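Q: any chance you can model this:
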Amino acid sequence: MTPFERWSVWLASGLTTLTGLVYAWMKYVPGPADPWAVVGHPWQPAVLKLHILTAPYLVFAVGLIALRHVWPHVRGITRTGRRSGMTVVLVVLPMVLTGYLIQAVTGEGWLLALGYGHFALGVVYAVGLALHRLMVGRAVAKATPRRERRRADRRADAERV
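A: Predicted coordinates:
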C-alpha cells in the first residue's frame, strides 16, 4: 500500500468516524432544550452534513486499496492481520449501504432500524480498523529484526560473488 493510499484510508476513516460519533452524541445525548425542537443540538444539521460529505471520501479510499491490498489478503496470499482486515472488509459494504438507505427511506421504523444498524456497523468498522493497524504493526515489529538479518545475508552473498 502506498503512503497516499494509507493516509487516504486513515484520514477518511477518522473524519467519517469522528463526524458520525459527534452527530450521534448531538442527536441522542443532550436532548432538545425546547420540547418542540426538531434537533438536539444547534450544530446537529451541520455535523450531519459534514458526515455525509466525508463518507464518499471513505468509499473512495476503500476502493483505492481494494485491488492491491484487500484482494491479495482475501485470496490468502498474506496471513498477517487477516482476521481484523476481513472484519473491516465484511462490514464496509453494509455500513455504506445503510448510510445511503438512511437518506432514501421514509418509513419511521425502517429509519430507526437503519440508523441503529449503521451506527453499530460504523463502530465495528472503526474498532476493526484500529485492531487491524495494531495487529499489523506488531507483526511488522516482530519481523523487522529477521528482515534486517535477511537483508544483511543477501548483501554478504552479493559481496562474495
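Q: list the buried ones in the helix or strand encompassing Tyr100?
A: Using DSSP states H and E, Tyr100 sits within helix 82-104. By neighbour count with 16 or more other C-beta atoms under 10 Å, helix 82-104 contains the buried residues 84-85, 87-89, 91-92, 95-96, 98-99, 101-102. To be clear about C-beta, it is placed using only N, CA and C from the backbone, and glycine gets the same treatment.
Q: quick check, nearest of those residues to Thr54?
A: Looking at those and their distance to Thr54, the nearest is Gly99, at 11.0 Å (C-beta to C-beta).
Q: would you check that that closest one makes contact with Ala55?
A: Yes: counting by C-beta atoms under 8 Å, Gly99 touches Ala55, with 5.9 Å between them.
Q: how about the helices of this protein, start to end?
A: Ranges of helices in the chain, per DSSP state H, are 3-28, 44-65, 71-74, 82-104, 108-160.
Q: could you dump those into CSV and include distance to Ala37 and mean pLDDT?
A: Below are those laid out as CSV (distance: least, C-beta to C-beta, whole Å; pLDDT from 0 to 100):
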stretch, distance to Ala37, mean pLDDT
helix 3-28, 12, 94
helix 44-65, 10, 95
helix 71-74, 47, 80
helix 82-104, 21, 91
helix 108-160, 18, 81
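Q: using a markdown table, please lay out these together with distance to Asp34.
A: As requested, the helices of the chain are arranged in a markdown table below (distance: least, C-beta to C-beta, whole Å):
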| stretch | distance to Asp34 |
| --- | --- |
| helix 3-28 | 15 |
| helix 44-65 | 13 |
| helix 71-74 | 50 |
| helix 82-104 | 25 |
| helix 108-160 | 21 |
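Q: for Trp36, which of those is the nearest?
A: Among the helices of the chain, the nearest to Trp36 by C-beta to C-beta is helix 44-65 (15.4 Å).
Q: and that closest one, what does it pack onto?
A: Applying 3 or more C-beta pairs under 8 Å, 6 or more residues apart in numbering; DSSP states H and E, one finds that helix 44-65 contacts helix 3-28, helix 82-104.
Q: kindly export it (C-alpha atoms) in CSV.
A: Presented in CSV, the C-alpha positions along helix 44-65 are these (Å, rounded to 0.1, in the frame of the first residue of the first chain):
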residue,chain,number,x,y,z
GLN,A,44,-26.5,18.8,14.6
PRO,A,45,-27.5,19.6,11.0
ALA,A,46,-24.1,20.9,10.1
VAL,A,47,-22.3,17.9,11.6
LEU,A,48,-24.7,15.6,9.8
LYS,A,49,-23.8,17.4,6.5
LEU,A,50,-20.1,17.0,7.3
HIS,A,51,-20.6,13.3,7.9
ILE,A,52,-22.5,12.9,4.6
LEU,A,53,-19.7,14.9,2.8
THR,A,54,-16.8,12.8,4.3
ALA,A,55,-18.4,9.4,3.7
PRO,A,56,-17.8,9.4,-0.1
TYR,A,57,-14.1,10.0,0.6
LEU,A,58,-14.2,6.9,2.7
VAL,A,59,-15.8,4.9,-0.1
PHE,A,60,-13.2,6.2,-2.5
ALA,A,61,-10.3,5.4,-0.1
VAL,A,62,-11.6,1.8,0.5
GLY,A,63,-12.0,1.4,-3.3
LEU,A,64,-8.5,2.7,-3.8
ILE,A,65,-6.9,-0.1,-1.7
